[in-house]
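A.B. asks: here's my sequence, what's the structure:
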Amino acid sequence: MVNCKVCEKEFENDRQLHGHLKAHGLRMVEYYQKYSPRYDKHDGKIIKFKNKEQYLTTEFNTRTNLRMWLKSISENEAKEYCKNVLTKRKEKRNLIYTPSQVELRTVISPPMQYYNELFEDYYRLCSNLGFENKYGRFSDIVSGCEYNKPEYKIFVDTRERIPLKFERGIEVRKLDFGDYAFSSKIATCNCCIERKMLSDFIGTMSGGYERFIKEIERAQDADAYLVVLVEDSLTHAMSFPYLPHISKKIKATPEFIFHRVRNLIQKYPHIQFLFVNGRVEASRVIERIFTCGCAYKKVDLQYAYDLKIL
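C.D. replies: Next up, the predicted model:
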């Protein structure tokens, strides 16, 4: 049960309460900001309202404010705050796996780089907090391994309208899932790469979501590993409504899209999302993943890319 803080009338759920607010001439944002005010811990400005859950759990309006606030407090205070961020997300979202770089960067949280600077080992910290680690250190991603030979080809799905260009040979064939695969499944532990332009990614994670889940589960049934590679930066993806080449007709928000991304990362251990800077980078990274043996499965690819190791 919930009570209206204006008139104390009782309602069974939030939906009924929110409908009732019209009787007081209040919009939802006005109601919560007036009767449950919350302020940014850095600059003291009221928290921007997007929805009730976001509003009541957010402490900063921007990642920049979070970063500036962390600089203003002691190291011990920063450590305690960062551990609480992870613990609260684990409990609230029932998380099993250690949050990946994509998960951290798409909520108002410090990125993995900051956790490693503060605690030296992010994965050890998360293990101590009760998370299960999917990844570890990435010293195993190397070039020039035994699979980096010209006789290995890259398979390109027949539905790829404008295939990427690679230094090694390609062969066009129908793939059951993904757009790119290596000619040796053993060499890559059956890795397939689903390449997407940013607009395709948004469409897949909104209107095409159910179809995409079926593709993920087909890959799972085939014991395949699926890397969803978006040929645009994560920064752009998180601010796509402001990009001129993205249709203004798209109603989905970055918050909605990346909520789904985070859910998929936690639900399916055989999938990673990776955002890179353009088509040339997409080609380079795909070839790097395919020729590192199975090492890619042991690392957070977005973190490795962000650190320019991948």
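
A.B. asks: spatially central residue in this structure, please.
C.D. replies: Centroid-nearest residue in the chain, with Cα atoms, centre = their mean: residue 102, separated by 3.4 Å.

A.B. asks: what residues are up against it?
C.D. replies: 234, 261, 262, 265, 273, 274, 275, 302 (Cβ atoms under 8 Å, 6 or more residues apart in numbering). In short, each C-beta sits where N, CA and C put it, glycine included.

A.B. asks: could you do residue 41 as well?
C.D. replies: Contacts of residue 41 (Cβ under 8 Å, 6+ apart): 59, 60, 65, 69.

A.B. asks: what separation is there between the residue nearest to the centre of the chain and residue 305?
C.D. replies: For residue 102, the distance to residue 305 equals 10 Å [Cβ to Cβ, to the nearest Å].

A.B. asks: quote the end-to-end distance of stretch 236-251.
C.D. replies: The first and last residues of stretch 236-251 sit 17 Å apart, counting by Cα to Cα, to the nearest Å.

A.B. asks: kindly export the longest helix along the chain (C-alpha atoms) in CSV.
C.D. replies: The helix that spans the most residues within the chain, counting by DSSP state H, is helix 75-93. Only the C-alpha atoms of helix 75-93 are listed here, as CSV (Å, rounded to 0.1, in the frame of the first residue of the first chain):
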residue,chain,number,x,y,z
GLU,A,75,40.3,7.2,0.1
ASN,A,76,38.6,5.2,2.9
GLU,A,77,35.3,7.0,2.3
ALA,A,78,35.6,6.4,-1.5
LYS,A,79,36.3,2.7,-0.9
GLU,A,80,33.3,2.4,1.4
TYR,A,81,31.0,4.2,-1.0
CYS,A,82,32.2,2.1,-4.0
LYS,A,83,31.7,-1.2,-2.1
ASN,A,84,28.2,0.0,-1.2
VAL,A,85,27.4,0.7,-4.8
LEU,A,86,28.2,-2.8,-5.8
THR,A,87,26.5,-4.4,-2.8
LYS,A,88,23.3,-2.4,-3.4
ARG,A,89,23.2,-3.4,-7.0
LYS,A,90,23.8,-7.0,-6.2
GLU,A,91,21.0,-7.1,-3.7
LYS,A,92,18.5,-4.9,-5.6
ARG,A,93,19.0,-6.6,-9.0
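
A.B. asks: start at 206 instead
C.D. replies: With 206 as the first residue, the last one maps to helix 280-298.
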